[in-house]
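Colleague: Sharing a model that was predicted from the sequence below.
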Amino acid sequence: MPKWLFLLLIAVLLIRIPTFFEPYSYGDEMIYLTIGEGIRQGLTLYKDLHDNKPPLIYFTAAIAQSLFWFKAILALWNLVTIFLFWKLTEKFFNETKKARLVATSIFAILTNIPLLEGNIANAEIFMIGFTIISLLFLFKKNASFNDFFISGIFLSIAGLYKIPALLDSLAILMLFAYKSKTDQIKLINLIKNLTHFVAGLSVPIIFTLVWYSSKGVLNEYVSATIIQNFDYLSSWRPDDVQKSFFIRNYPLFVRFLILAVVFAIIFVKRREIDKNFAFATAWLLTSTFAVTLSERPYPHYLIQSVPGISIMLSYFLTNKSKFQVYALFPLFIVIAVPFYYKFWYYEPISYYKSFISFALGNYTKEEYFQTFGENINRNYKIAKYINNNSHRYNNIFVWDDSPSLYALTRRLPTIKYVAGYHINEFANKKDIIDQMQKKPPEYVVVIPNSEQFNELEIFLQERYAFALQIDEAKIWKRLY
């Protein structure tokens, strides 16, 4: 390991120190930790607790148990991922040390600072590490059939963190076709390599299908991780919901057509374009296509494109050849995407400024937590009350969207849905009350300004006593 890489990893660790002091606040992390707690208590994912992502992020949260350790696992994995990415840059830049330094540094910065939510334990940072491992096996010199098989396994693991990772296989398939022409590989060997790769890709996915089938929840698993995610396609245009699938997703097909055209151009010009540059271009554009599937402007989606961005920027900044100019085209597309779709972003300077103020004693803990959201301290007060007045394994119910209360108290919801929007999207409110009648939670917390839930109000009047109000949030205690 070169000295600069060691220093970069130390700097990354320092950059991540504030993440260990973040409060329980970010919605997705709270859902992961809550479902992870359910897994630890023996509940079956997708049957007893619901979310619409593949299982590995929840099992990672189950191992972590708390937000601190979730962030610690994220930090450790990010350091490993940076090292693996540096190894991968060797495949693109050979012995050009400057190019590897630039690419790795850009990658390290973008996957750590809050700009793209690099501080949050979302699935993207976990999955890109496994994608990089997959490519390291794929790019091995004289790669064997086993290498292709293992490559497929690791890409599949990435997909079991988040499905869009599997779209990177499109770039890999283009590489197979590219190699078949430029390297004069016999067709039979190409087919065998591809077969082993697809077999490896299939194994982890088939394992999960068999596993959840044995638990009797295969339909729920497939529905949550695949079918329900089709609703995410172009879902940021609610006015188009009533239109047919093909009309509603017309922009998606246009984007795919653009991707296909670029792939065709690369293939036709394969004798003029270096194989590694061609793959870097295909990988960047494929990951950008994956980022735009739902058209939702969440900044952590962009992390999937960060490896390709880093490599392409390094080509542009360090390569004194025609590829420096060629790099402008894919870079223009990927930079235009967040502007066109109005992606959100987070201000890194204010994030670190707040932490420094807290570390120097200029902010109290409550004042620091307040910088993450106006309701954070309220949630901590509610969680303290529930923890002091209920048993560890008592269930609670929170209405509306405040899954942090489940994670803070480590109490599970009495129903399978962790967030209020899950109930609105996937459940009937009457059925929710019927379930709560059969398994009444010890406490019910009604968040201020939550959506009207008439059936819940009647249920509370019949079986609960008003216990306490904290910052307009009402807490109800079960009577019987």
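Modeller: Structure's in. What do you need?
Colleague: looking only at pLDDT, what's the mean for stretch 426-444?
Modeller: Per-residue confidence for stretch 426-444 averages out to 93 on the pLDDT scale.
Colleague: and the end-to-end length of that stretch?
Modeller: Using Cα to Cα, to the nearest Å, the end-to-end distance of stretch 426-444 comes to 21 Å.
Colleague: who touches residue 143 in this structure?
Modeller: Residue 143 is in contact with 137, 151, 193, counting by Cβ atoms under 8 Å, 6 or more residues apart in numbering. The C-beta positions use only the backbone N, C-alpha and C, and glycine is treated the same way.
Colleague: Report the secondary structure state of it.
Modeller: Following DSSP: H, G, I helix; E, B strand; the rest coil, residue 143 is assigned to coil.
Colleague: What's the separation between it and residue 275?
Modeller: From residue 143 across to residue 275, the span is 14 Å (Cβ to Cβ, to the nearest Å).
Colleague: repeat for residue 382
Modeller: Taking Cβ to Cβ, one finds residue 382 at 57 Å from residue 275.
Colleague: Isn't residue 53 up against residue 123?
Modeller: Yes: the criterion here is Cβ atoms under 8 Å, and residue 53 meets it with residue 123 at 6.3 Å.
Colleague: of these two, who's got more company?
Modeller: Set residue 53 next to residue 123 and count neighbours by other Cβ atoms under 10 Å: residue 123 wins out with 25 against 20.
Colleague: Show the contacting residues for the more buried one.
Modeller: 53, 56-57, 161-162.
Colleague: Can I have the buried ones of those as a ChimeraX selection?
Modeller: Buried residues within the contacts of residue 123, by 16 or more other Cβ atoms under 10 Å, are selected in ChimeraX with:
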select :53,56,57,161,162
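Colleague: Looking at the contacts of residue 123, which are in helices?
Modeller: Judged by DSSP state H, those include 56-57 as members of helices.
Colleague: For residue 477, which residues are in contact?
Modeller: Contacts for residue 477 (Cβ under 8 Å, 6+ apart) come out as 389, 442-443, 464-467.
Colleague: Please identify the one among these that lies nearest to residue 307.
Modeller: Checking these against residue 307 by Cβ to Cβ gives residue 443 as the nearest, at 44.9 Å.
Colleague: I'd like to know how many residues surround that closest one.
Modeller: Neighbours of residue 443 (other Cβ under 10 Å): 25.
Colleague: what do you get for residue 296?
Modeller: By other Cβ under 10 Å, 15 other residues sit near residue 296.
Colleague: three-state assignment of it?
Modeller: Of the three states, residue 296 takes coil under three-state DSSP.
Colleague: same deal with residue 119?
Modeller: coil.
Colleague: Next, count neighbours for the closest residue in space to it that isn't next to it in sequence.
Modeller: Ranked by Cβ to Cβ, 6 or more residues apart in numbering and with sequence neighbours excluded, the top spatial neighbour of residue 119 is residue 19, at 4.7 Å. When counting by other Cβ under 10 Å, one arrives at 22 neighbours for residue 19.
Colleague: got it, and the one 3 residues further on?
Modeller: The number of residues packed near residue 22 is 20, by other Cβ under 10 Å.
Colleague: Just to check, it is in contact with residue 372?
Modeller: Yes: taking contacts as Cβ under 8 Å, residue 22 lies within contact range of residue 372: 6.8 Å.
Colleague: okay, and the common contacts of these two?
Modeller: By Cβ under 8 Å, 6+ apart, residue 22 and residue 372 have no common neighbours.
Colleague: Please point out which parts of stretch 469-480 sit buried.
Modeller: Neighbour-count burial for stretch 469-480, counted by 16+ other Cβ under 10 Å, picks out 470, 473-476, 478.
Colleague: which one among those residues gets closest to residue 449?
Modeller: Lowest distance from residue 449 to the buried residues of stretch 469-480 (Cβ to Cβ) belongs to residue 473, with 10.0 Å.
Colleague: can you pull the contacts of that closest one?
Modeller: With contact taken as Cβ under 8 Å, 6+ apart, residue 473 is in contact with 378, 382, 445-448.
Colleague: before we move on, what about residue 51?
Modeller: 31, 35, 58, 224, 418, 422.
Colleague: Just the ones of these in helices?
Modeller: 31, 35, 58, 422.
Colleague: from what I can see the residue nearest to residue 119 touches residue 74, true?
Modeller: Yes: taking Cβ under 8 Å as the definition, residue 19 is a contact partner of residue 74 at 7.5 Å.
Colleague: which stretch of helix or strand covers the nearest residue to residue 376 once chain neighbours are set aside?
Modeller: Counting by Cβ to Cβ, 6+ apart, residue 376 lies nearest to residue 369, which is 4.5 Å off, once chain neighbours are set aside. Element membership for residue 369, per DSSP states H and E: helix 365-370.
Colleague: so after that helix, what's the next helix or strand?
Modeller: Beyond helix 365-370 on the C-terminal side, the first helix or strand identified by DSSP H and E is helix 376-389.
Colleague: roughly how far is that next one from the heart of the chain?
Modeller: Distance of helix 376-389 from its chain centroid, counting by Cα atoms, centre = their mean, to the nearest Å, is 28 Å.
Colleague: what sits up against that helix?
Modeller: 23-25, 366, 369-370, 396, 402, 404-405, 408-409, 411, 443, 445, 468, 470-471, 473, 475, 477.
Colleague: which residues touch the residue lying closest to residue 324 once chain neighbours are set aside?
Modeller: Among residues not flanking residue 324 along the chain, residue 316 sits closest, at 5.7 Å (Cβ to Cβ, 6+ apart). Listed by Cβ under 8 Å, 6+ apart, the contact partners of residue 316 are 324, 327-328, 331.
Colleague: top of the residues you listed by neighbour count?
Modeller: That'd be residue 327 among the contacts of residue 316, by other Cβ under 10 Å, with 22 neighbours.
Colleague: wait, it sits on residue 312?
Modeller: Yes: in terms of Cβ under 8 Å, residue 327 counts as a neighbour of residue 312; the distance is 5.1 Å.
Colleague: how close does the residue nearest to residue 324 get to residue 354?
Modeller: From residue 316 to residue 354 the distance is 34 Å (Cβ to Cβ).
Colleague: Just to be sure, residue 444 is in a helix?
Modeller: No: under three-state DSSP, residue 444 falls outside any helix and is assigned strand.
Colleague: what is it paired to in the beta sheet?
Modeller: Residues in a beta bridge with residue 444, per DSSP bridges, are residue 397, residue 476.
Colleague: so what's it up against?
Modeller: Contacts of residue 444 by Cβ under 8 Å, 6+ apart are 396-399, 456, 460, 464, 475-476, 478.
Colleague: Domain ranges for the chain, per the record?
Modeller: 3-340, 374-478 (automatic domain parsing).
Colleague: Quick check: which of these is nearest to residue 358?
Modeller: domain 3-340 (7.2 Å).
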